[in-house]
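Participant: Pasting the sequence and the predicted model now:
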Amino acid sequence: MKILIIEDEKALRDELSVLLKNSGYDTDCVTDFTDTAVYMKKSDADLILLDINLPNVNGETLLQDFRRESTTPVIMLTSRTSEIDEVLSMSYGADDFVTKPYNPTILLLRISAVLKRTSKNVSSQMYHDAKVSTVKGSLIRGDTEQILTKNEMIIFQLMLDRLGEIVTRDELMTALWDNDEFINDNALTVNISRLRTKLADLGFHDAIETRKKQGYILK
């Protein structure tokens, strides 16, 4: 597996390269940021680590342009903590969002989770007559598109993989934990509620059925 590192801070770029090589990945690094967009599109990397703050161009702008031509998974890196950056990155097609300074172990887990998730479903799936894009994290039905958060996408994907079957709350919590997302029981309920609303906005009313003391069924 090859990972392309797009980070303008040399010390951090070298640190990332060493970390990834020691973990068994091949790496490639952008060092000249005059034609970053071209470099991204020509790269044969399996995943891209993309810093938001780059010379000459914003990383989110690069991502938005890149997504018009490629489904290669991208993890955004940033030293900012603003929620708007995460929302914009995910809406532009990022597969994950990591805030610096990062924990090396957590970053490796995030990379592994994204590669696992995207390799399982490179092409789009369908939910009834809606297109499911795991790369963009969205559901598209006709001219209407709903962007799902990462947690909502993990929950929906597990239910979709077991369409018509009961998925327990414990299984959903485990799936979120495996993707390095920890939420409590109340937060899971909120995520289910928001997912229901987004499905209803696409015309899928009562798509998720609650089975008390058992779990949920996606119909």
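Facilitator: It's in.
Participant: Show the pLDDT at the residue sitting nearest the centre point of the chain.
Facilitator: For the chain, the residue whose C-alpha lies nearest the mean C-alpha position (CA atoms, centre = their mean) is D95; its distance is 2.4 Å. In the predicted model, D95 carries a pLDDT score of 88.
Participant: Ok, the one 3 residues further on next?
Facilitator: Listed pLDDT for V98 reads 87.
Participant: now swap in S124 and tell me
Facilitator: The model reports S124 with a pLDDT of 60.
Participant: Checking L4 next. Helix, strand or coil?
Facilitator: Using DSSP: H, G, I helix; E, B strand; the rest coil, the structure places L4 in strand.
Participant: Could you give the average pLDDT over the helix or strand where L12 lies?
Facilitator: When secondary structure is defined using DSSP states H and E, the element that contains L12 is helix 10-22. For helix 10-22, the mean pLDDT works out to 94.
Participant: Buried residues of that helix, list them for me.
Facilitator: Applying a neighbour-count criterion of 16 or more other CB atoms under 10 Å, one finds L12, R13, L16, S17, L19, L20 buried in helix 10-22. Quick note: C-beta positions are derived from backbone N, CA and C, even for glycine.
Participant: ok so, going back, wait, what's in contact with the residue nearest to the centre of the chain?
Facilitator: If you count contacts by CB atoms under 8 Å, 6 or more residues apart in numbering, D95 has them with P73, V74, I75, V114, R117, T118, V135, G137.
Participant: May I see the buried residues of helix 10-22 organised as JSON lines, with distance to Y216 added?
Facilitator: Shown next, in JSON lines, are these (distance: CB to CB, whole Å):
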{"residue": "L12", "distance to Y216": "41"}
{"residue": "R13", "distance to Y216": "43"}
{"residue": "L16", "distance to Y216": "39"}
{"residue": "S17", "distance to Y216": "43"}
{"residue": "L19", "distance to Y216": "38"}
{"residue": "L20", "distance to Y216": "37"}
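Participant: what element comes up after the worst-scoring helix or strand of the chain on mean pLDDT heading to the C-terminus?
Facilitator: Ranked by mean pLDDT, DSSP states H and E, the weakest helix or strand in the chain is helix 83-91, scoring a mean of 64. Secondary structure here is assigned by DSSP H and E; on that basis, the next helix or strand after helix 83-91 toward the C-terminus is strand 96-99.
Participant: Beyond that next one, next helix or strand please.
Facilitator: Moving toward the C-terminus from strand 96-99, the first helix or strand encountered (DSSP H and E) is helix 104-120.
Participant: what's the following helix or strand past that next one packed up against?
Facilitator: Following the chain from helix 104-120 toward its C-terminal end, the next helix or strand by DSSP H and E is strand 125-127. In terms of contacts (3 or more CB pairs under 8 Å, 6 or more residues apart in numbering; DSSP states H and E), strand 125-127 is packed against strand 130-133.
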